[in-house]
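>>> Would you be able to build a 3D model of this:
(one chain, ligands or ions: 1)
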Amino acid sequence: MQIKSAEFIVSNSDASKCPNTMIPEYAFIGRSNVGKSSLINMITSRKNLAKTSGRPGKTQLINHFLINKNWHLVDLPGYGYARVSKKEKKYFQKFITDYFEQRRQLISAFVLVDCRHEPQPIDVDFMEYLGEREIPFSIIFTKADKLKPNALERNIEHYKKTLLEGAWYEFPNYFVSSSSKSIGKEDILDYITQINANLEQ
Ligand code: GDP
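The predicted structure follows:
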């Protein structure tokens, strides 16, 4: 897919106020600093579409971008547990769960994880949350330039093993990316193109 246009549409803190159109959308989510803004800028070939920064406490907004005038790229804020109840049950922030439970336009999500790190409980829990609600998603292993190829492969294998020993029968679809080496862009865009083409049929 060639990116001909990428426009910022709107930011919202409330899922119910997101654009009321039937344009298919793809959401990108992950813990803060995972490389989400850099990945969004890489795949859209724009330097500053998503704001990169290491600053913690960035405003938590749901950002819609219109790509090639036919699909929405949604930049979601980094997730966190909202609170821990007496029974130790953890919840994700409400505006994030509202987004996933309310957006009929959502076609698929991309959950970003740093390829260098052990599977983090919050990421694994979030994938389970999506799985339980049958929300399609792919994993993106970011910052692949930071590892040698065999270390990367080892980490992905370890991730697979962790998920398959947990709640999963099958490892989710996944991509490997590096924004600094421009890796993964074509694969991710081809994947979205393919789904959009099927939707139009
Ligand atoms: P966000 O908080 O998830 O949006 O993460 P950012 O895109 O702002 O990136 C966080 C930090 O990781 C920044 O210092 C980026 O320069 C760095 N970073 C992001 N992607 C990559 C990558 O693919 N490779 C390397 N080496 N660094 C990256």
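
>>> Near the ligand, which residues of the chain are found?
Listed as neighbours of the ligand in the chain under the rule Cβ under 6 Å from any ligand atom: 30, 32-38, 52-54, 142-143, 145-146, 178-180. Bear in mind the C-beta positions are built from the backbone N, C-alpha and C, glycine included.

>>> redo that, cut-off 5 Å
Along the chain, the residues adjacent to the ligand under the rule Cβ under 5 Å from any ligand atom are 32-38, 52, 143, 145, 178-180.

>>> Identify the farthest-apart pair in those residues.
The span of those, defined through Cβ to Cβ, is set by Ser32 and Asp145 at 19.9 Å.

>>> Where does Ser32 fall, secondary structure wise?
Assigned by DSSP states H and E, Ser32 belongs to no helix or strand.

>>> Which pLDDT value does the model give it?
Here, the pLDDT recorded for Ser32 equals 87.

>>> List the contacts of the strand or helix carrying Ile192.
If you go by DSSP H and E, Ile192 is part of helix 185-200. Contacts to helix 185-200, defined as Cβ atoms under 8 Å, 6 or more residues apart in numbering, come from residues 1, 3, 24, 26, 42-43, 70-71, 107-108, 110, 138, 140, 173, 175, 177.

>>> secondary structure element for the residue nearest to Pro119 when sequence neighbours are not counted?
Leaving aside its sequence neighbours, Pro119 sits nearest to Thr162 (Cβ to Cβ, 6 or more residues apart in numbering; 4.4 Å). For Thr162, the element it lies in under DSSP H and E is helix 149-165.

>>> Quickly run through the sheet partners of the next helix-or-strand element following that helix, with directions.
Next helix or strand after helix 149-165 toward the C-terminus (DSSP H and E): strand 174-176. Sheet partners assigned to strand 174-176 using DSSP bridges are listed as strand 137-142 (parallel).

>>> What mean pLDDT does the biggest strand by length in the chain get?
The residue-count maximum for a strand in the chain (DSSP state E) belongs to strand 106-114. For strand 106-114, the mean per-residue pLDDT is 98.

>>> so after the lowest-mean-pLDDT helix or strand in the chain, what's the next helix or strand?
When each helix and strand of the chain is scored by mean pLDDT, DSSP states H and E, strand 81-84 comes last, with a mean of 68. Scanning forward in sequence from strand 81-84 by DSSP H and E, the next helix or strand is strand 90-92.

>>> residues of that next one that come out buried?
For strand 90-92, burial by neighbour count (16 or more other Cβ atoms under 10 Å) applies to Phe92.

>>> contacting residues around His60?
Rather than His, residue 60 is Gln. Gln60 makes contacts with 13, 77, 93, 95, as judged by Cβ under 8 Å, 6+ apart.

>>> Tell me who's in contact with the first one.
Counting by Cβ under 8 Å, 6+ apart, Ser13 makes contact with 59-62, 95.

>>> swap in the last one?
Counting by Cβ under 8 Å, 6+ apart, Phe95 touches 13-15, 60, 62.

>>> For the contacts of Gln60, which two are the farthest from each other?
Ser13 and Gln93 (10.4 Å).
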